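J.: Build me a structure from this.
(chains A and B)
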2 protein chains.
Amino acid sequence: MRATRVLEALPANTPFIGPERLMREGGLRELVRLGANESAFGPSPRAVAAMSGELERLSWYGDPDSYELRETLAARNGCTIDQILVACGIDDLMGLVVRAFVEIGGVAIAARGTYPTFAYHVAGYGGRLETAPYTDAGEPDLEALSALAHQLHASVAYLANPDNPSGTFISGERIAAFYESLPVGTLLLLDEAYADFAEQELLLEPRFEDRLIRARTFSKAYGLAGARIGYTLTTAHNVERFERIRLQYGVNRNAQIGALAALEDEAHLAWVVRETAAARDAYAELARGVGMTVLPSRANFICIDIGDARRATRVMNALLERGVWIRKPGAPPLDRCIRVTAGTPPMREAFARALRDVLREIA
Amino acid sequence: MRATRVLEALPANTPFIGPERLMREGGLRELVRLGANESAFGPSPRAVAAMSGELERLSWYGDPDSYELRETLAARNGCTIDQILVACGIDDLMGLVVRAFVEIGGVAIAARGTYPTFAYHVAGYGGRLETAPYTDAGEPDLEALSALAHQLHASVAYLANPDNPSGTFISGERIAAFYESLPVGTLLLLDEAYADFAEQELLLEPRFEDRLIRARTFSKAYGLAGARIGYTLTTAHNVERFERIRLQYGVNRNAQIGALAALEDEAHLAWVVRETAAARDAYAELARGVGMTVLPSRANFICIDIGDARRATRVMNALLERGVWIRKPGAPPLDRCIRVTAGTPPMREAFARALRDVLREIA
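T.: Take a look at the predicted model:
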């Protein structure tokens, strides 16, 4: 029984190994989870209460149109409900964008070593990913990416802002210039998973054009990663396209309810954003204390420069042995860094202790 | 900005309209939900308790490997964990099967008018669905389907057993004969969403071959439709294939927790199965009382023969106006029926009242 040509040609490939598997394989019973940029500050208590009250109705499918949630999101974003698509998080939305716009054999582009699930989907749908390395400052190289899009007639350009894994932030003005520099046949998929942590007035301004799809999530600042829910802002035309292929009943009913309640708890969001900034500052201070630097970050994680890639991998592995789970960028020049998620004060303390310990050990 | 050729050629197309939209458009505030074969008996209280206790940890992604759940499912099904794939319900799994095995322009086959999400995925991935009508007895026509598979070199044959929308059940022996009659290049996707309601000893026996994928769900007897979680039983080879393309972090964390707890509550499952049988009997009696017949059903719904398609549509619409939501098969010969989900006694009573009312009105 043969699979499709695309699947038969696809190598075994997982974008990320989950922490549960690391625990099983390492025989670890506890893990300080600082590797997946999950919110250490949890979901809004209002979201928890709303979901709790509806658990018994989980025998009902969720509204396939996510109508109430989209209505609220539309009001927040100054757009119409038909410009919003809800799906199972940005991973799901990225898959839809690739499926909708990248032909088999078509080209997509991204910064080399950025969030790997985009590459995973491009390969999975039979496309070809081409990349441009990050700048030495740790930013996606917008000029190089634009040149690549022109040279290769890319269908989709992927850009995360704030970026993952670097955490660096590019102002809306520069994003707009980059978008305008792309060929008319290139769609910009702007992954704004971490935009809730950035200064809102510095984001790309609202803009609804077929060539632009912005993806947002409840997984990060809203603390609902396990719920799997995110959305795009784009044109009604694009949403109608996705309507023809998306999994119509894919979104968990309680995820819709939790997301709606989370949106309404602005105080919780503001608190999470403040705590996240405090965590970044604490990590920067810790790094200075051990003679290291950090990359500037506007996300809920930060990259600490360990000096070189081998050493950074060694630090990551040694931290895991001590029950502290982080990740690290995979490609130069960022691979000299480790990436740590914003934690609560006790999590930060556990990380600081383990890091000092590890650095002493490998000195 | 052009989409892919497959998407540009795809007509607007939704497999189902959700009840929330019917309520919004009809100005209905309450609806007796008997249209989507959701469990009227709810999830296991143990599942509710387990999920409730973990809501605050919904800031964590679920285990992308669904390891604990797969371990339990493997033990139950006498197979190994690597023969099980978990995804966001059977709809999601069907999409994966089509994506993995149907080339653009390739052919898949199914009974004409069966569960429409399979057709939706085949079209969405650029395949072509060919169908054979149901027999007059309301069963998928296995001989005709097999002949079609040979004639068209179908990649995938879809069969639901118990069938949806008819509710009819085909014994494991006959399923095995059908499977063996298919060409070696045809994979059988056996949708067993409703198998929990059938006599377990009459199901197709365990069988793990690349050409056979059985799909199961927690949406029906386990009452977790809104959680979006289901699984396949197939070979490790097929699972490894899906591993290369599936949404790795797609399954809600609490859905995994709820499914695991639901599996362990065998008493709740047995109660649901008994109540479902009682509901089918009550509907059959109601039908007899108004001079109508039902199709034999082993699922959590039953088809009532209204006589002809126009009349059945009229009954369905008139029921909706009275706040009772059911669905009906779309293709002959089943389109003369309405399909009603097993309800609790009060739901059954509401349906009976509304049906008698409607039949009087249109007499």
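
J.: which residues touch the residue nearest to residue A:335 when sequence neighbours are not counted?
T.: By the measure of CB to CB, 6 or more residues apart in numbering or on different chains, the closest residue to residue A:335 outside its immediate chain neighbours is residue A:309, 4.1 Å from it. The way it works is simple: take the backbone N, C-alpha and C, and place the C-beta from them, glycine included. For residue A:309, the contacting residues are A:332, A:335, A:336, taking CB atoms under 8 Å, 6 or more residues apart in numbering or on different chains as the criterion.

J.: Quick check, pLDDT for the last one.
T.: Pointing back at residue A:336 there. Residue A:336 is assigned 98 on the pLDDT scale.

J.: Distance check, it against residue B:194.
T.: Residue A:336 is 55 Å from residue B:194, where distance means CB to CB, to the nearest Å.

J.: Mind checking which of these two has more residues around it?
T.: The residue with more neighbours, out of residue A:336 and residue B:194, is residue B:194; 26 against 19, by other CB atoms under 10 Å in any protein chain shown.

J.: The more buried one against residue B:222, yeah?
T.: No - the pair residue B:194 / residue B:222 is not scored as a contact, 11.7 Å apart, by CB atoms under 8 Å.

J.: What are the structural domain limits within chain A?
T.: The record assigns chain A these domain ranges, following automatic domain parsing: A:5-42+A:267-362, A:45-265.

J.: so which of those is the most packed in?
T.: Burial among those, expressed as mean neighbours by mean count of other CB atoms under 10 Å in any protein chain shown, is greatest for domain A:45-265, which shows a mean of 21.

J.: give the contact list for residue A:77.
T.: The contact partners of residue A:77, by CB under 8 Å, 6+ apart, come to A:84, A:206, A:233.

J.: Up against chain B, what does the stretch 51-200 of chain A have?
T.: A:51-52, A:55-65, A:67, A:88-89, A:91-92, A:95, A:99-104, A:106, A:117, A:120, A:124, A:184-185, A:187 (CB under 8 Å from any CB of the partner chain).

J.: near chain B, anything from the least confident helix or strand in chain A by mean pLDDT?
T.: Each helix and strand of chain A was given a mean pLDDT (mean pLDDT, DSSP states H and E); the minimum falls on helix A:19-26 at a mean of 95. Yes - residues of helix A:19-26 contacting chain B under CB under 8 Å from any CB: A:20, A:21, A:24.

J.: which one of these is nearest residue B:285?
T.: residue A:20 (49.6 Å; CB to CB).

J.: Show the contacting residues for that closest one.
T.: By CB under 8 Å, 6+ apart, the contact set of residue A:20 is B:63, B:64, B:65, B:67.

J.: how near is it to residue A:165?
T.: Distance, residue A:20 to residue A:165, by CB to CB: 21 Å.

J.: Ok, residue A:234 next?
T.: The separation that residue A:234 has from residue A:165, given CB to CB, amounts to 25 Å.

J.: before we move on, what about residue A:184?
T.: Here the criterion is CB to CB. By it, residue A:184 lies 30 Å from residue A:165.

J.: Likewise for residue A:361?
T.: Using CB to CB, one obtains 25 Å as the distance from residue A:361 to residue A:165.

J.: quick one: the helices in chain A?
T.: Assignment of helices within chain A using DSSP state H yields the ranges A:5-8, A:19-26, A:45-54, A:67-77, A:89-101, A:116-124, A:142-152, A:172-181, A:236-243, A:253-264, A:266-289, A:309-321, A:345-362.

J.: how about these, which one is nearest residue B:315?
T.: Distances from residue B:315 to each of the helices of chain A were compared using CB to CB; the minimum, 27.2 Å, belongs to helix A:67-77.

J.: what mean pLDDT would you report for that closest one?
T.: Averaging pLDDT residue by residue across helix A:67-77 gives 98.

J.: Settle this for me: residue A:32 is touching residue A:343, isn't it.
T.: Yes - assessed by CB under 8 Å, residue A:32 is found in contact with residue A:343 at 7.2 Å.

J.: what is in contact with these two at once?
T.: Taking CB under 8 Å, 6+ apart as the contact rule, the neighbours common to residue A:32 and residue A:343 are A:350, A:351.

J.: tell me the contacts of residue A:273?
T.: A:196, A:197, A:221.

J.: Centroid-nearest residue for chain A?
T.: In chain A, the residue lying closest to the centroid (CA atoms, centre = their mean) is residue A:193, at 4.8 Å.

J.: Show the contacting residues for it.
T.: Residue A:193 is in contact with A:90, A:160, A:164, A:215, A:216, A:217, A:219, A:220, A:230, counting by CB under 8 Å, 6+ apart.

J.: so how far is chain B from the nearest residue to it once chain neighbours are set aside?
T.: Leaving aside its sequence neighbours, residue A:193 sits nearest to residue A:217 (CB to CB, 6+ apart; 4.8 Å). Separation of residue A:217 from chain B (CB to the nearest CB, to the nearest Å): 11 Å.

J.: and what of residue A:306?
T.: Plainly put, residue A:306 is 25 Å away from chain B if you go by CB to the nearest CB.

J.: And for residue A:71?
T.: Separation of residue A:71 from chain B (CB to the nearest CB): 10 Å.

J.: same thing with residue A:254?
T.: If you measure residue A:254 against chain B using CB to the nearest CB, the figure is 7 Å.

J.: That residue against residue A:54, yeah?
T.: Yes - taking contacts as CB under 8 Å, residue A:254 lies within contact range of residue A:54: 5.9 Å.

J.: mind putting the contacts of residue A:273 in CSV, pLDDT included?
T.: As requested, these are arranged in CSV below (pLDDT from 0 to 100):
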residue, pLDDT
A:196, 98
A:197, 98
A:221, 98
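
J.: okay, these in a markdown table with distance to residue B:76 next?
T.: Compiled in a markdown table, these are given as follows (distance: CB to CB, whole Å):
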| residue | distance to residue B:76 |
| --- | --- |
| A:196 | 41 |
| A:197 | 43 |
| A:221 | 39 |
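
J.: between these, which is closest to chain B?
T.: residue A:221 (10.4 Å; CB to the nearest CB).

J.: which ones are touching that closest one?
T.: Applying CB under 8 Å, 6+ apart, one finds that residue A:221 lies in contact with A:39, A:194, A:196, A:197, A:269, A:272, A:273, A:276, A:300.

J.: at 6 Å instead, please
T.: Remark: with contacts taken as CB atoms under 6 Å, 6 or more residues apart in numbering or on different chains, residue A:221 is in contact with A:196, A:269, A:272.

J.: Spatially nearest residue to the closest residue to chain B within the stretch 101-250 of chain A (excluding sequence neighbours)?
T.: In the stretch 101-250 of chain A, the residue found nearest to chain B is residue A:226; the distance is 3.1 Å by CB to the nearest CB. With sequence-adjacent residues excluded and distances taken as CB to CB, 6+ apart, residue A:226 is closest to residue B:253, at 3.1 Å.

J.: mind checking pLDDT for that neighbour?
T.: Reported pLDDT at residue B:253 in the predicted model: 98.

J.: Also residue A:16?
T.: Among the per-residue scores, residue A:16 shows a pLDDT of 88.

J.: Any figure for the gap between it and chain B?
T.: Relative to chain B, residue A:16 is positioned 7 Å away (criterion: CB to the nearest CB).
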